[in-house]
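Student: Pasting the sequence and the predicted coordinates here, then a few questions.
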Amino acid sequence: MQEKLKAIRENFIEELKNVQDTNALEQLRIRVLGKKGELTSILRGMGQLSPEERPRMGQIVNETRAKLESAIESAQATLKEKEKALRLQRETIDVTIPPAERSAGSLHPMNIVLNDLIEIFTGMGFETVEGPEIEYDHYNFELLNLPKNHPARDAQDTFYVDENVVLRTHTSPVQARVMTTRKPPIRIISPGRVYRADEVDATHSPVFHQIEGLVIDKNISMGDLKGTLDTFAQRLYGKGIVTRFRPSFFPFTEPSAEVDLTCSACGGKGCRVCKGTGWIEVLGAGMVNPRVLEMCGIDSREYSGFAFGMGIERLTILKYNVPDMRYLYENDLRFLKQFR
Ligand code: DAH
């Protein structure tokens, strides 16, 4: 038995020299000193010894255990130091290296203009309301006085989802949604995406953005429309910009107008941007057709209103002199970075 003990001890000392890290040390400890370890199994064998021998052997085993334990402890301390030193070396941070440059992002020019529009119209008491892009024919056309087979539907090349559902061709269906669910006074704007089956070119895209305006109250007149749009034009493009109304036709307004703004590139003198006219066509507007009011459940003898709709791409292009609408969609950083 003593032989065995000696062998265990020598073996242990030998192996301890080769231990490289605290993990291996722990493995060794468990193998020799653990509950099922080599030393413990020797203690189990004590039963076979004579009663005189037992205390002496017991003492030797305990002494051996104490020696091995202290050897492990000191080895552990050394290894821990070594591992810490290694870790510190590995984790060295060179605080003198210049940081990687992080460039700040910027708003897309159309978002800048959209934020301006919301601020301008909020300032005049308008509330912002959004509607769905996948829309019922009912709201996109019917309630806006564009019955099935109405020729004016041809002007908008519509993406049909099924017979009764379309990708909205304008933001005007939000008017119908608001009028059918609220009581006047109503004063809302509604920005959002719209869809038309158009080829992509410098001024067209199958997906683009509009903003709609609607006011319904007692005694609303075309003068209110003109004042509202003049204020909008001056806030967005600067003092000196005025609107010009030309007679036009939309099924949902009567009378209707095509609205031009003073060309901000030349101040109205005439230039290449406005093709020498001094005016830029920007939006459609008019007095809400009494038929539309009635279809949406609003008494047209008591209430009147005006509405307008315009393209946000167009407003953006005019504000920043962008030569081609496609720049707005291509996400080219050389373009986008100019709007810091
Ligand atoms: N929805 C029209 C279009 O997409 C724009 C428009 C014209 C909206 C007149 C209106 C309006 O609200 O009154 O071309």
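Tutor: Received it, and whenever you're ready, just let me know what you need. Owing to the predicted nature of the structure, the values given are computational and were not obtained by experimental measurement.

Student: okay, CA-based contacts and neighbour counts for the rest of this
Tutor: OK.

Student: tell me the mean pLDDT for stretch 53-68?
Tutor: For stretch 53-68, mean pLDDT is 83.

Student: how far does that stretch sit from the chain's center?
Tutor: Distance of stretch 53-68 from the chain centroid (C-alpha atoms, centre = their mean, to the nearest Å) equals 72 Å.

Student: Show me what that stretch is in contact with.
Tutor: Here stretch 53-68 makes contact (C-alpha atoms under 8 Å, 6 or more residues apart in numbering) with 2, 5, 9, 33, 39, 43, 46.

Student: Tell me which residues of it come out buried.
Tutor: Under the neighbour-count criterion of 16 or more other C-alpha atoms under 10 Å, stretch 53-68 has 57, 61, 64, 65, 68 buried.

Student: distance of residue 67 from residue 9?
Tutor: Distance of residue 67 to residue 9, given as C-alpha to C-alpha, to the nearest Å: 9 Å.

Student: Tell me the one of the buried residues of stretch 53-68 nearest the ligand?
Tutor: Minimum distance to the ligand across the buried residues of stretch 53-68 is 89.4 Å, recorded for residue 68 (C-alpha to the nearest ligand atom).

Student: Surely that closest one forms part of a strand?
Tutor: No: counting by DSSP: H, G, I helix; E, B strand; the rest coil, residue 68 is not part of a strand but helix.

Student: CA atoms of stretch 45-56 as CSV?
Tutor: These are the backbone C-alpha positions of stretch 45-56, laid out as CSV (Å, rounded to 0.1, in the frame of the first residue of the first chain):
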residue,chain,number,x,y,z
GLY,A,45,-8.7,-0.2,0.8
MET,A,46,-7.9,0.6,4.5
GLY,A,47,-10.6,-1.8,5.6
GLN,A,48,-8.3,-4.7,4.7
LEU,A,49,-5.5,-3.5,7.1
SER,A,50,-5.1,-4.7,10.6
PRO,A,51,-6.4,-2.4,13.3
GLU,A,52,-2.8,-1.6,14.4
GLU,A,53,-1.7,-0.6,10.9
ARG,A,54,-4.8,1.5,10.2
PRO,A,55,-3.9,4.7,12.1
ARG,A,56,-0.4,4.8,10.8
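
Student: How many neighbouring residues does the closest residue to the ligand within the stretch 51-200 of the chain have?
Tutor: Relative to the ligand, the nearest point of the stretch 51-200 of the chain is residue 170 (4.5 Å; C-alpha to the nearest ligand atom). Using other C-alpha atoms under 10 Å, the number of residues around residue 170 comes to 25.

Student: give me phi/psi at it?
Tutor: Dihedral angles of residue 170 (phi, psi; degrees, to the nearest 10) stand at phi -160, psi 170.

Student: Now do it, the pLDDT please.
Tutor: At residue 170, pLDDT is 96.

Student: go on, residue 129?
Tutor: Looking at residue 129, its pLDDT stands at 98.

Student: ok, the nearest residue to it once chain neighbours are set aside - contacts?
Tutor: Nearest residue to residue 129 in three dimensions, chain neighbours excluded: residue 190, at 5.1 Å (C-alpha to C-alpha, 6 or more residues apart in numbering). Counting by C-alpha under 8 Å, 6+ apart, residue 190 touches 128, 129, 130, 131, 171, 174, 211, 212, 213.
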